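> sequence and predicted structure, then a few things I'm wondering about:
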Amino acid sequence: MKSCSLCNDEQKQATVYDSRGRSVAIDGSSLVFVENYREYAGGMLQTQQSSLPINYCPMCGKRLEQGEE
């Protein structure tokens, strides 16, 4: 199965941006979201990161290789 731009094996870590401006990347077997936002106009830029454990790429359905446990 051919990989998509999110689970591309040739790149060290591929990043895709969604419609809300968040960056989405696969790191190991986790889907990582990073969002930059301002709480109010002129406020400091805040960064929020969250991750979700996954077994398959959400874009193309390719099974991700599991690391050593």
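Happy to help now that I have it.

> around Cys7, how many other residues sit close by?
Cys7 is flanked by 23 other residues according to other C-beta atoms under 10 Å. For the C-beta atoms, the positions are set from N, CA and C on the backbone; glycine is no exception.

> for the closest residue to it other than its chain neighbours, the count of nearby residues, please.
Closest residue in space to Cys7, ignoring its immediate chain neighbours: Cys57 at 4.0 Å, by C-beta to C-beta, 6 or more residues apart in numbering. Cys57 has 18 neighbouring residues, counting by other C-beta under 10 Å.

> and Cys57, what does it touch?
Residues in contact with Cys57, defined by C-beta atoms under 8 Å, 6 or more residues apart in numbering, are 3-4, 6-7, 26, 64.

> before we move on, what about Met59?
Applying C-beta under 8 Å, 6+ apart, the residues contacting Met59 are 4-7, 16.

> roughly how far does the residue nearest to Cys7 sit from Ser51?
The gap separating Cys57 from Ser51 is 15 Å, by C-beta to C-beta, to the nearest Å.

> quick one on the thing from earlier: in strands, which of the contacts of Cys57 fall?
Within these, residues falling in strands by DSSP state E are Ile26.

> for ChimeraX, what selects the buried ones among the contacts of Cys57?
A single ChimeraX command selects the buried members of the contacts of Cys57 (16 or more other C-beta atoms under 10 Å):
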select :6,7,26
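
> give me the below-cutoff pLDDT ranges for this protein.
Where the chain drops to pLDDT under 70, the residues are 1-3, 9-14, 67-69.

> center of this structure, which residue is that?
A centroid search over the chain (C-alpha atoms, centre = their mean) returns Ala25, at 2.1 Å, as the residue closest to the centre.
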